[in-house]
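> okay, predicted coordinates and the sequence, questions at the end:
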There are 2 protein chains.
Amino acid sequence: MEKKIEISMLCQLYGKLLTDKQLEFLDDYYNNDLSLSEIAENNDITRQAVRDIIKKGENKLFEYEEKLSFMKKTLKQEQKIQQVLLKLTKIEKNSSDKQVANILDSIRKELNCLL
Amino acid sequence: MEKKIEISMLCQLYGKLLTDKQLEFLDDYYNNDLSLSEIAENNDITRQAVRDIIKKGENKLFEYEEKLSFMKKTLKQEQKIQQVLLKLTKIEKNSSDKQVANILDSIRKELNCLL
């Protein structure tokens, strides 16, 4: 997985365990594509200080994932749900029943909420 | 939810963020039904010390859940999957196609892995 996507997903999962500054700088750097220098200038601190805060935040995210594996579990779960959605399409192809079609639709909605 | 079940579930989710002692005592107290005095005797410490370690562990678990909501998400997800499993049974009742029955079986297996 691309690092930018990985960090973004880890921030969504564990962001509330970081300091406000760590989360803000990770967001600026990875999601808003600001450079270290730009973040430094915006916050009136050195580029090195920005780098340290980002690094510390990243390390905390990786440590939490190492211990809790929520990202791994979420990705595995999403994969399973995608497989189920594919199988629902197969049922649709094998059935012309209107009621079955309606149930399939409502199942799809339920499952899409989990993605 | 009964406190015993809640703590047990929180330990499964966040247990790796506790100290070994916190996790061990919570397990002894809530899963193995040992009394504070029994745990104290087994570990050669005071009953009060056991109570403090358990309380601290519990508070950490509640704090993590407050911030991350993984238990809440997991329970909601399980509820959705149970609803989907019920709907699969409805499809079964509306279809006599053997191939559909096979697909439904494989979907059930996928979803049961997520429970």
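Perfect, I can see it now.
> residues from chain A in reach of chain B?
Within reach of chain B by C-beta under 8 Å from any C-beta of the partner chain, chain A has these residues: A:13-14, A:16-17, A:64, A:67-68, A:70, A:77, A:80-81, A:83-84, A:87-88, A:90-91, A:94-95, A:97, A:99-100, A:103-104, A:106-107, A:110-111, A:113-114. (C-beta placed from N, C-alpha, C; glycine too.)
> of those residues, select the buried ones using a PyMOL command.
Those of these that count as buried under 16 or more other C-beta atoms under 10 Å in any protein chain shown are selected in PyMOL with:
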select buried, chain A and resi 13+14+17+64+68+70+77+80+81+84+87+88+91+94+95+97+100+103+104+107+111+114
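> inside strands: which ones of the residues of chain A next to chain B?
Under the assignment DSSP state E, the residues of chain A next to chain B contribute nothing to strands.
> which strand or helix spans A:Lys60?
helix A:47-68 (DSSP states H and E).
> name the surrounding residues that touch the longest helix that chain A contains.
Ranked by number of residues, the top helix in chain A under DSSP state H is helix A:70-94. Contacts to helix A:70-94, defined as C-beta atoms under 8 Å, 6 or more residues apart in numbering or on different chains, come from residues A:6, A:9-10, A:13-14, A:65, A:100-101, A:104, A:107-108, A:111, A:114-115, B:68, B:70, B:77, B:91, B:95, B:97, B:99-100, B:103-104, B:106-107, B:110-111, B:113-114.
> ok so, going back, for the helix holding A:Lys60, packing partners?
Applying 3 or more C-beta pairs under 8 Å, 6 or more residues apart in numbering or on different chains; DSSP states H and E, one finds that helix A:47-68 contacts helix A:3-14, helix A:20-26, helix A:36-43.
> out of these, which gets nearest to B:Tyr29?
helix A:3-14 (27.9 Å; C-beta to C-beta).
> walk me through the domains of chain A.
A:3-68, A:74-112 (automatic domain parsing).
> need the least confident one among those, by mean pLDDT.
Sorting the domains of chain A by mean pLDDT places domain A:74-112 lowest, at a mean of 91.
> how far does that domain sit from the chain's center?
Relative to its chain's centre, domain A:74-112 lies at 23 Å (C-alpha atoms, centre = their mean, to the nearest Å).
> A:Ser95 and A:Ala101, how far apart?
Distance, A:Ser95 to A:Ala101, using C-beta to C-beta, to the nearest Å: 7 Å.
> A:Leu34 sits in which helix or strand?
Counting by DSSP H and E, A:Leu34 is found in no helix or strand.
> so what does it look like in phi/psi?
When read as degrees, to the nearest 10, the backbone of A:Leu34 gives phi -80, psi 150.
> assess the claim that it and A:Asp28 are in contact.
Yes: applying C-beta atoms under 8 Å, one finds A:Leu34 in contact with A:Asp28, separated by 4.4 Å.
> number of nearby residues for A:Glu2?
7 (other C-beta atoms under 10 Å in any protein chain shown).
> which residues sit in contact with A:Gly57?
So A:Gly57 contacts A:18-19, A:22-23, A:25-26 (C-beta under 8 Å, 6+ apart).
> rewinding a little: ok, which of the domains of chain A comes nearest B:Glu58?
Per C-beta to C-beta, nearest to B:Glu58 of those: domain A:3-68, 18.0 Å.
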